[in-house]
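A.B. asks: I would like the atomic coordinates for the input below:
(chains A, B and C)
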Amino acid sequence: MPLRGTIVVDENLCKACELCVEACPQHVIGLNAEIITPRGFHPAHLIKDECTGCGICALVCPEAAITVYREKRGAQG
Amino acid sequence: MVALDIKDMEIVYRHPDSLVDISTHYCPGCTHGIAHRLVAEVIDEMGLAKRTIGVASVGCSAFSYNYFDFDFVQSPHGRAPAMATGVKRSRPDRIVFTYQGDGDMISIGAGEIIAAAGRGENITVIFLNNANYGMTGGQMAPTTLPGMKTTSSPNGRDVEQTGYPILASELLATQQGASYIARRSLHDPKNIRMAKKAIRLAFETQVRGLGFSMVELLSTCPTNWHMTPANATKWLEEKMLPYYPIGDYKVHPELSELKV
Amino acid sequence: MAKELWKGNEAFAEAAIRAGLQAYFGYPITPQTEALEYMSARMPELGRVFLQAESELGAINMVYGAAATGVRTMTSTSSPGTSLMMEGLSYIAATELPMVLVDVVRGGPGLGTISPSQGDYNQMVHGGGHGDYYPIVMAPAGVQETVDMVYGMFDIAEKYRSIGVVMLDGSIGQMIEPAEMPPMLEVRKDIPEWAVRGGAGKDKRILTSINLDPAEMEKMNLRLLKRWKEVEKNEVRFAEYYMDDAKIAIIGNGTAGRIALSAVRTARAAGIPVGLLRPISLRPFPVQAVQEVAAQLDNILVVEMNAGMMLEDILKIVQGKTSVEFYGRIGGVMPYPEEILAEIQRIAANPAPIKGHPRDLWMERIEPVINQ
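C.D. replies: Next up, the predicted model:
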């Protein structure tokens, strides 16, 4: 079972460009239509559980808006 | 969805220290932001923030000094390599880099960049090539592709009238004073990783006192290309890469042995 | 220190070095090139920065970068080069950085001549590039005065965080005269508070000339203007010769003033009561001194090595209170003392106020001379 991860998107920075949505190998990122950021964007967020914390979303993010977390190796027991 | 407690997790990626935690003026999806982030990460990883002076240029990157969290000066259009020379010669122990777009560096600033490379000026140049003048609204640049429509080449760049794109990396690599010249692209994760390594090598070049280093970063301009950010990356891959091949155009022997 | 024979261009280079110059950037251009050549040998010898730039654009922007780090820095050039530097000068002024420029003026417009001229008066005194600011501009009349002026200009530039310009014509750059060099000052070790040095986080400094908010830019312009008012209060300089009992005043700066002084001495020997007011600071201009001359004397003769650029400033100050005439040579031609003496004799013989613009009347007189 792959390591599990998650992302935290800084809503002050995200501009909803969707490059992370496009790049995510797990297809687990989408825009959150329920939130409008201070700059008027629907920010990116996780839409499914299968984030592996691979960091590719952060790599393509032009705003450095994404912090990526991953389970520590061995934490699954 | 099952909530994960981030306190128990390791951070795989976070906002670099050398990047100010504010929203940029760049359009959504513009790869300037990626280039900024990569430079900031390299500065952080090399521990250079407290001895770096950046030189901003004119164009969309004019305000880059607001986003990097270390000393910056801002130069007239195209003159960043000259200004950086003045900074570096006055404070040779500092790390000095310019951040320039294609109009700035290879049109109005072609003289300054070639002279700096020829002198082997021990500075680093981060060169963003998005094939148009972004800040003024998408006019034709020396880097605009043949046939490419811009606001000042509405029928597509006519090479009979306006000539051909200037290949900056190939040009600068012919200079004996240049020690590291590489072209990379910011259109997908693999290329972004490669771009970061090139930026690292460019700063390593300067730290080692080897002379002039420049990384050309092929970039998107979704707004002026009239495309979504995702489509812009595809357009870059399909149209720009054939004209502007990524690769190492000059690598000082001392760098080729370096693992980064 | 004893007097030695110095060529003007080399003399001001050495004077700048003795003032603690840390970084020089320049580009060859006649009649200034000896300064660049002198610096190329002397600066590295002292472990200081010398670099021959790719152009005057390069040179001024290297100065911009060096000035941003807080070192004493300068460039020198001649008129076409000065034109190219206007861009950088405006940016440097907007960034409020101190620097020194020595402009060894030659005849123009265009590539013009390589001969002495005062044709840069307007582009320096009324200019210095786009936007609302003034460089501090001073004009020496000989090698010793050039040495002292360049030596002192760094302090002035730093005091006001402004551009200090020493504007001399090509003849002073090229002539050899006895001059005494000032003592060698220590090179500054500290970094001024405002300079970039490599600082992160709360120590970060930004030096820029952009301020897209007009309200903020207006405040910045006002700050520059208020600082300029201090310059006007403190830095006006001029010299007066034989003015105590003069009835006719010649006003001329730099070499034009110096040549006029020869004519004044000859005229005095012949009993003509003529004196000379030589503005040394051209920006700030010695307005009050000219006003006093206008209030007390019947005739003013403005002498320049251009077609009457300072003349316009003087007409504005005099406001018709006294008769102002003009004599100039243009395009790189220097006036002989005899030409100015003839003008003095003409005015002394007929001191009645002139009718018409002094430039128009001068053109009528000078055209046959030029076409001779």
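A.B. asks: quick one: low-confidence ranges for chain A?
C.D. replies: By pLDDT under 70, the weakly predicted segments of chain A are A:1, A:74-77.
A.B. asks: Which of the three states applies to whichever residue of it sits closest to chain B?
C.D. replies: With CB to the nearest CB, the shortest gap between chain A and chain B falls at residue A:62, namely 2.9 Å. Where you see a C-beta, it was placed from the backbone N, CA and C, and this is true even at glycine. What DSSP: H, G, I helix; E, B strand; the rest coil gives for residue A:62 is coil.
A.B. asks: ok, now which ones touch it?
C.D. replies: With contacts defined as CB atoms under 8 Å, 6 or more residues apart in numbering or on different chains, the neighbours of residue A:62 are A:15, A:17, A:19, B:26, B:28-34, B:37.
A.B. asks: residue contacts, the residue of the stretch 51-200 of chain B found nearest chain A?
C.D. replies: The minimum distance from the stretch 51-200 of chain B to chain A, using CB to the nearest CB, falls at residue B:189 (4.9 Å). Taking CB under 8 Å, 6+ apart as the criterion, residue B:189 is in contact with A:23, A:56, A:59-60.
A.B. asks: Pull the most distant pair out of those.
C.D. replies: Spatial extent of the contacts of residue B:189 (CB to CB) is set by the pair A:23 and A:59 at 7.6 Å.
A.B. asks: ok, now how distant is residue B:74 from chain C?
C.D. replies: Computed as CB to the nearest CB, to the nearest Å, the residue B:74 to chain C distance reads 4 Å.
A.B. asks: now that residue, which residues is it bridged with?
C.D. replies: For residue B:74, the residues forming beta bridges with it (DSSP bridges) are residue B:56.
A.B. asks: wait, isn't it in contact with residue C:209?
C.D. replies: Yes: counting by CB atoms under 8 Å, a contact exists between residue B:74 and residue C:209, whose distance comes to 6.5 Å.
A.B. asks: shared neighbours, those two?
C.D. replies: Both residue B:74 and residue C:209 are contacted by residue C:95, under the criterion CB under 8 Å, 6+ apart.
A.B. asks: Among these two, which residue is more densely surrounded?
C.D. replies: Here residue B:74 and residue C:209 are compared on neighbour count by other CB atoms under 10 Å in any protein chain shown; more neighbours surround residue B:74, at 26 against 20.
A.B. asks: need the contact list for the more buried one.
C.D. replies: Taking CB under 8 Å, 6+ apart as the contact definition, residue B:74 lies against B:55-57, B:62, B:65, C:95, C:206-210.
A.B. asks: List buried residues within the residues you listed.
C.D. replies: Of the members of the contacts of residue B:74, the ones counted as buried by neighbours, 16 or more other CB atoms under 10 Å in any protein chain shown, are B:55-57, B:62, B:65, C:95, C:206-210.
A.B. asks: Name the nearest of these relative to residue C:258.
C.D. replies: Taking these together and measuring to residue C:258 by CB to CB, the closest member is residue C:95, at 35.7 Å.
A.B. asks: List, one by one, the residues from chain B near chain C.
C.D. replies: Residues of chain B that fall close to chain C, judged by CB under 8 Å from any CB of the partner chain: B:18, B:49-53, B:55-56, B:62-63, B:65-66, B:69-76, B:79, B:82-91, B:94-95, B:111-112, B:114-115.
A.B. asks: sorry, back to before: between the contacts of residue B:189, identify the one with the most neighbours.
C.D. replies: Ranked by neighbour count (other CB under 10 Å), those have residue A:60 at the top, with 27 neighbours.
A.B. asks: Would you agree it is in contact with residue B:190?
C.D. replies: No: the criterion here is CB under 8 Å, and residue A:60 misses it with residue B:190 at 10.5 Å.
A.B. asks: Report the contact partners of residue C:83.
C.D. replies: Applying CB under 8 Å, 6+ apart, we find residue C:83 in contact with residue C:123.
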